[in-house]
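[1] Fold the following and give me the result.
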Amino acid sequence: MDTNSFRDKEARRQGSFRVIYDFTMGVLWFGAGIFFLLNKYLIAGAGFDSLTSSIFGIACLCYGFFRFYRGFAAKKNQ
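    Model (predicted):
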């Protein structure tokens, strides 16, 4: 077995794993952002501070969008 072909296969395998990982983490972070933005409507008396929850929710949405974009860009370059 040629070492260059093995390295190429391994790089492709890791690249496809990275794309799946980025999309999955994008979904999780996006879901966390929606939860923190809407927790005052979903869970009564949860004890979350409204301002802190909103700021963290927006940050989670932005990071989730970034992970989606990163996965999409990596998929496009494959």
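[2] When you work out contacts or count neighbours from here on, use the C-alpha atoms and nothing else.
    Fine.
[3] Residue ranges in the chain under the pLDDT threshold?
    1-2, 44-46 (pLDDT under 70).
[4] where do the helices sit along it?
    Along the chain, the segments classed as helices by DSSP state H run 3-42, 50-77.
[5] Now render those as a markdown table, adding mean neighbour count.
    Shown next, in a markdown table, are the helices of the chain (neighbours: other C-alpha atoms under 10 Å):
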| stretch | mean neighbour count |
| --- | --- |
| helix 3-42 | 16 |
| helix 50-77 | 17 |
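[6] Go ahead and name everything in contact with stretch 64-75.
    By C-alpha atoms under 8 Å, 6 or more residues apart in numbering, the residues outside stretch 64-75 that reach it are 15-16, 18-23, 25-30.
[7] Just put these in a markdown table and tack on distance to Thr3.
    A markdown table is the format used below for those (distance: C-alpha to C-alpha, whole Å):
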| residue | distance to Thr3 |
| --- | --- |
| Gly15 | 18 |
| Ser16 | 20 |
| Arg18 | 22 |
| Val19 | 24 |
| Ile20 | 26 |
| Tyr21 | 26 |
| Asp22 | 28 |
| Phe23 | 30 |
| Met25 | 32 |
| Gly26 | 34 |
| Val27 | 36 |
| Leu28 | 37 |
| Trp29 | 38 |
| Phe30 | 40 |
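[8] How about Cys62: what's its closest non-neighbour residue?
    Phe30 (7.9 Å; C-alpha to C-alpha, 6 or more residues apart in numbering).
[9] Let me see the contact set for that neighbour.
    Residues counted as contacts of Phe30 (C-alpha under 8 Å, 6+ apart) are 60-65.
[10] Looking at these, spot the one nearest Ser53.
    Nearest to Ser53 among those, counting by C-alpha to C-alpha, is Cys60 at 10.3 Å.
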